[in-house]
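In: No letters, just coordinates:
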């Protein structure tokens, strides 16, 4: 995994560099710092020729191009880059980072010990993501984009999808919540064999069916929701459960 | 005789229930139609049994049909609509009858005339309704007033038309009826208008109050900055003292314990309010300030992020403040019982969208997210319901909005995404 560091405070820069190298030599030799600089322009020139996997960027760069703008530039060239921001306490804009720049983590400038532990923590997460990227199975998730943030929803967590009263709007219910987006139920029918279109406005995940009420022709889901079953689908549903 | 009776029964059925389905935006299902037909048959039979006192089937019809449609829609306004439709149809029928008698036209023209008038009147009525619905919500009291007007009009109509032993169609009667009806419409409009004005005034008052809160918070920040500046001078002096006596140990202790803390607190507050500056919707700014003050009192930290200037959000301001108010209240309420609470709020503009994120820390994720959305369930015992169903109802009116909500790593997260490309202001299509 190739790491780029851009930090204009020389002490901080050296410190982070040392921490990463330390971690790499003891735990993951495949981690290497390919660029360690204090000017964002150098990162941009580097990007013209090469690529990296993980970026540590100082938000408050005292430069024409600040860390945010640099992140946008990196994101434009490499949508899957793992961006980590280094920031001071005063403006930790957690949500802005996640939704506008799809930043995955950030380090808050604090005492040296705390910075060190943060660096190692985010590095571990980045490395894990990096290794997963190679073996990722994109058919196992539904991706939803919220701003620049990409949210992966695992198919096995999905309970059901339902059409809403607004045309073409779909609500997806999963283990921990729900998501709304525009689309057609038809396009999700074939996404997994465990999904079954039991009604014109419901696509259910058969794995999560808790019980079937034959009288009322509804299925109960683990979150307490009830999905209608159409007359035609009723028999097939029983055979598939 | 029976066929004609049947025909008129059905005709009546279409005239009364058709507009009701249309006005209430109800889906027509076979079950509902059958139920309506049953009520209609019952009323027709009643009418046949008591041909002398027609008021019995009429009152029964209004009460039973009203009850039925109340069951369908769960809105008490249905009784008012029903009465109004009755009045419309009576007037239309009277008018048609008068024309037919005066000009010696056939019976079919008579029914055609009735249908034509009703279609025009009902379409106008519906338009008027949506016009008012957009602007105001009727209180229980004003609904009663409207209902009273409708009932008294109904009684007057009955007395004028059905009480005389043999029904006489006369121009004078028609004119009286018509003018009475017009006066009632004007009266209703005046009542609605005054109520709307009153609501506007209360709304303005609330906004004013919220704006005052905003001013108060700004003043507080200003005071904080002043004390900070004052402290700053003192801090520098103490630092100088430590340096001159070359007491590095003391210096370190002083730095860690005093400077870092003071700086963090002041700058944090300053940051929150400088962010608010970029939100250019005054009502929303006021609302958030109010909630910030509330959270401040309860010592719940709220971080606000508004990195870009936000000039407009394509949702009616009233609806937006309702939604944000509910979500922020919930977040604050849920935070009061925590040892380490935190609420994050962000308004982000990404391309043509505005994304509003509200998240609060949760103690446990035992509460199922689905349960939170059903009307009966509540984690608050006293006033029942978290208002999340209301949020859903409001947002459902805006096709340019989507709403995600989930529990993730002990955070309860709401994301509302509003597309600015759709510029339609009202929620109605």
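Out: Arrived safely, thanks for sending. In this text, all values refer to a predicted model and were calculated from it rather than measured experimentally.
In: From here on, just use CA atoms for contacts and neighbour counts.
Out: Fine.
In: Quick one: residues contacting the residue nearest to residue A:122 when sequence neighbours are not counted.
Out: In this structure, residue A:122 finds its nearest non-sequential neighbour in residue A:105, 6.6 Å apart by CA to CA, 6 or more residues apart in numbering or on different chains. Contacts for residue A:105 (CA atoms under 8 Å, 6 or more residues apart in numbering or on different chains) come out as A:83, A:84, A:85, A:122.
In: shouldn't residue B:405 be in contact with residue A:178?
Out: Yes - here residue B:405 lies in contact with residue A:178, judged by CA atoms under 8 Å, at a distance of 5.5 Å.
In: Which pLDDT value does the model give residue 84?
Out: Because you didn't say which chain, this covers chain A. Residue A:84 is assigned a pLDDT of 88 by the prediction.
In: my bad, the chain I had in mind was chain B
Out: What the model reports as pLDDT for residue B:84 is 83.
In: got it, and the one 10 residues further on?
Out: Confidence at residue B:94, expressed as pLDDT, is 78.
In: packing partners for the helix or strand encompassing it?
Out: Applying DSSP states H and E as the criterion places residue B:94 in helix B:77-103. On a contact count with 3 or more CA pairs under 8 Å, 6 or more residues apart in numbering or on different chains; DSSP states H and E, helix B:77-103 meets helix B:2-23, helix B:55-73, helix B:107-135, helix B:140-161, helix B:171-244.
In: Now with 6 Å, please.
Out: Secondary-structure packing of helix B:77-103 (3 or more CA pairs under 6 Å, 6 or more residues apart in numbering or on different chains; DSSP states H and E): helix B:107-135.
In: which neighbours do residue B:405 and residue A:178 share?
Out: Between them, residue B:405 and residue A:178 have no joint contacts when contacts are counted by CA atoms under 6 Å, 6 or more residues apart in numbering or on different chains.
In: Get me the contact residues on chain A for chain B.
Out: Chain A comes close to chain B at residues A:90, A:147, A:176, A:177, A:178, A:179, A:180, A:223, as judged by CA under 6 Å from any CA of the partner chain.
In: Looking at those, state which has the most neighbours.
Out: residue A:180 (23 neighbours; other CA atoms under 10 Å in any protein chain shown).
In: what comes into contact with stretch B:231-249?
Out: Applying CA under 6 Å, 6+ apart, the contact partners of stretch B:231-249 are residue B:251.
In: Phi, psi for the residue lying farthest from the centre of chain A please.
Out: Among the residues of chain A, the one whose C-alpha is farthest from the average of all C-alpha positions is residue A:215, by CA atoms, centre = their mean at 42.0 Å. Listed backbone geometry of residue A:215 is phi -70, psi -50, with angles given as degrees, to the nearest 10.
In: host element of residue B:355?
Out: When elements are defined using DSSP H and E, residue B:355 is found to belong to strand B:353-361.
In: could you check the angle helix B:55-73 makes with the helix holding residue B:94?
Out: Interaxial angle, helix B:77-103 versus helix B:55-73 (axes from the mean of the first three to the mean of the last three CA atoms, to 10 degrees): 130 degrees.
In: What is the neighbour count of the residue of the stretch 301-429 of chain B found nearest chain A?
Out: Nearest to chain A in the stretch 301-429 of chain B, going by CA to the nearest CA, is residue B:406, at a distance of 3.8 Å. By the other CA under 10 Å criterion, the neighbourhood of residue B:406 contains 21 residues.
In: does it really touch residue B:415, like I thought?
Out: No - checked against CA atoms under 6 Å, the pair residue B:406 and residue B:415 is beyond contact range at 8.9 Å.
In: that older thread, mark which of the contacts of residue A:105 are part of helices, please.
Out: Secondary structure assignment by DSSP state H places residue A:122 of the contacts of residue A:105 in helices.
In: before we move on, back to that, in JSON lines: the residues of chain A next to chain B, plus secondary structure, pLDDT and distance to residue B:349.
Out: Rendered in JSON lines, the data for the residues of chain A next to chain B read as follows (DSSP: H, G, I helix; E, B strand; the rest coil; pLDDT from 0 to 100; distance: CA to CA, whole Å):
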{"residue": "A:90", "secondary structure": "coil", "pLDDT": "46", "distance to residue B:349": "22"}
{"residue": "A:147", "secondary structure": "coil", "pLDDT": "83", "distance to residue B:349": "8"}
{"residue": "A:176", "secondary structure": "coil", "pLDDT": "83", "distance to residue B:349": "26"}
{"residue": "A:177", "secondary structure": "strand", "pLDDT": "86", "distance to residue B:349": "24"}
{"residue": "A:178", "secondary structure": "strand", "pLDDT": "89", "distance to residue B:349": "22"}
{"residue": "A:179", "secondary structure": "strand", "pLDDT": "91", "distance to residue B:349": "19"}
{"residue": "A:180", "secondary structure": "strand", "pLDDT": "91", "distance to residue B:349": "19"}
{"residue": "A:223", "secondary structure": "coil", "pLDDT": "78", "distance to residue B:349": "33"}
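In: give me the element the residue of the stretch 301-429 of chain B closest to chain A is part of.
Out: Under the assignment here (DSSP H and E), residue B:406 is part of strand B:401-408.
In: Do any residues in the following helix or strand past that strand lie close to chain A?
Out: Taking DSSP H and E as the definition, the helix or strand that follows strand B:401-408 towards the C-terminus is strand B:411-419. No - no part of strand B:411-419 sits close enough to chain A to count as contact by CA under 6 Å from any CA; the gap is at least 7.7 Å.
In: Just list what strand B:411-419 packs against, helices and strands only.
Out: When contacts are defined as 3+ CA pairs under 6 Å, 6+ apart, strand B:411-419 sits against strand B:353-361, strand B:401-408.
In: May I see those organised as CSV, with mean pLDDT added?
Out: Shown next, in CSV, are the helices and strands packed on strand B:411-419 (pLDDT from 0 to 100):
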stretch, mean pLDDT
strand B:353-361, 91
strand B:401-408, 88
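In: just those: most buried one?
Out: A comparison of the helices and strands packed on strand B:411-419 by mean neighbour count, using mean count of other CA atoms under 10 Å in any protein chain shown, puts strand B:353-361 on top with a mean of 22.
In: what stretches of chain B score poorly on pLDDT?
Out: Applying pLDDT under 70 to the predicted model, the residue ranges of chain B that meet it are B:1-11, B:133-139, B:162-169, B:261-271, B:364-386, B:422-429.
In: what sits against residue A:178?
Out: The contact partners of residue A:178, taken as CA under 6 Å, 6+ apart, are A:172, B:404, B:405.
In: got it, and residue A:199?
Out: Contact partners of residue A:199, counting by CA under 6 Å, 6+ apart, are A:229, A:230.
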